[in-house]
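K.L.:
For reference, the sequence and a predicted model appear below.
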Amino acid sequence: MVKITFQTVSAQKPEKENDGDKITIPQAHEQLVLPVRPKKPFPAGLCCLTFGLVVFMSGLVLASIYIYRHYFIPQIPEDSLFHCRVVYEDSVYAPLRGRQELEENVGIYLDDNYEQISVPVPRFGSSDPADIIHDFERGITAYHDIALDKCYITELNTTLVMPPRSLWELLINVKRGTYLPQTYIIQEEMVVTGRVRNMRQLGPFIHRLCYGKETYRLRRRNQRRRIERRETKKCHSIRHFENTFVVETIICDKV
């Protein structure tokens, strides 16, 4: 037997809540639903701008490195770099010493037609360490006396200095870093004639060597005579190798 019952439905409608200040507390079985805020759109424009700046700066850095290496740093093939040690007889100042040795590094730029010689501090003797450039294109020689940190410019003496191709062939024949056959030394005397103001007229290679240094122009002495004792204090010498013999360039401030 099934019993059917009916629930009495109240005819009264719930009063309309007009109290705006009344707070309804949800029951335990009810979920508290918070209002959902709309999501902000992803800043795609800012991301693209940042990526573009990174690419631009990377390209700028790589371009700067390329320009510096190829235009500011001389690029020499490996077979054009030489380390030389020369044995020679010094019969001018030290006849009793017998044989002496000169060491230097040579870079030969066949395409640009110039030579760069670096003479370190000598083990013996009173010559100064120096960097030397012989620019055959412009017919100029530059001496950077490292001890004095001064540059000296003079006309290229093709009688004493071998052209780049000839010097390269000589050094190739005796091999890099080996002793050259015993040779001799000759002197050239130079005097300072004045200060060089316009450095750009000397070309890019000498300009780079002498930039920021006191630079003076030299001329050769006409008369061939030994430097007197009273002049020695105002003279200094640079010994270098750029032919089949060693050259001692004596530079004096006093005419």
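P.N.:
That came through, no problem. Please read all numbers here as calculations on a predicted model, not as lab measurements.
K.L.:
wait, Q187 sits on E248?
P.N.:
Yes - under the contact definition of Cβ atoms under 8 Å, Q187 touches E248, with a separation of 4.8 Å. Any C-beta I mention is one placed from the backbone N, CA and C, and that applies to glycine too.
K.L.:
Report all helices and strands that the longest strand anywhere in the chain contacts.
P.N.:
In the chain, assigned by DSSP state E, the strand with the most residues is strand 183-195. Applying 3 or more Cβ pairs under 8 Å, 6 or more residues apart in numbering; DSSP states H and E, one finds that strand 183-195 makes contact with strand 81-89, strand 150-155, strand 214-220, strand 246-252.
K.L.:
at 6 Å instead, please
P.N.:
Using 3 or more Cβ pairs under 6 Å, 6 or more residues apart in numbering; DSSP states H and E, the elements in contact with strand 183-195 are strand 81-89, strand 214-220, strand 246-252.
K.L.:
Q187 and E248: which is more packed in?
P.N.:
Under the criterion of other Cβ atoms under 10 Å, the comparison of Q187 against E248 puts E248 first, with 19 against 16.
K.L.:
contacting residues for the more buried one?
P.N.:
Neighbouring residues of E248 by Cβ atoms under 6 Å, 6 or more residues apart in numbering: I185, Q187, S237, R239.
K.L.:
JSON lines please, covering these and showing pLDDT and distance to T159.
P.N.:
As requested, those are arranged in JSON lines below (pLDDT from 0 to 100; distance: Cβ to Cβ, whole Å):
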{"residue": "I185", "pLDDT": "89", "distance to T159": "15"}
{"residue": "Q187", "pLDDT": "91", "distance to T159": "13"}
{"residue": "S237", "pLDDT": "93", "distance to T159": "19"}
{"residue": "R239", "pLDDT": "94", "distance to T159": "18"}
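K.L.:
Among these, find the one with the greatest number of neighbours, please.
P.N.:
Using other Cβ under 10 Å as the neighbour criterion, R239 leads those with 24 neighbours.
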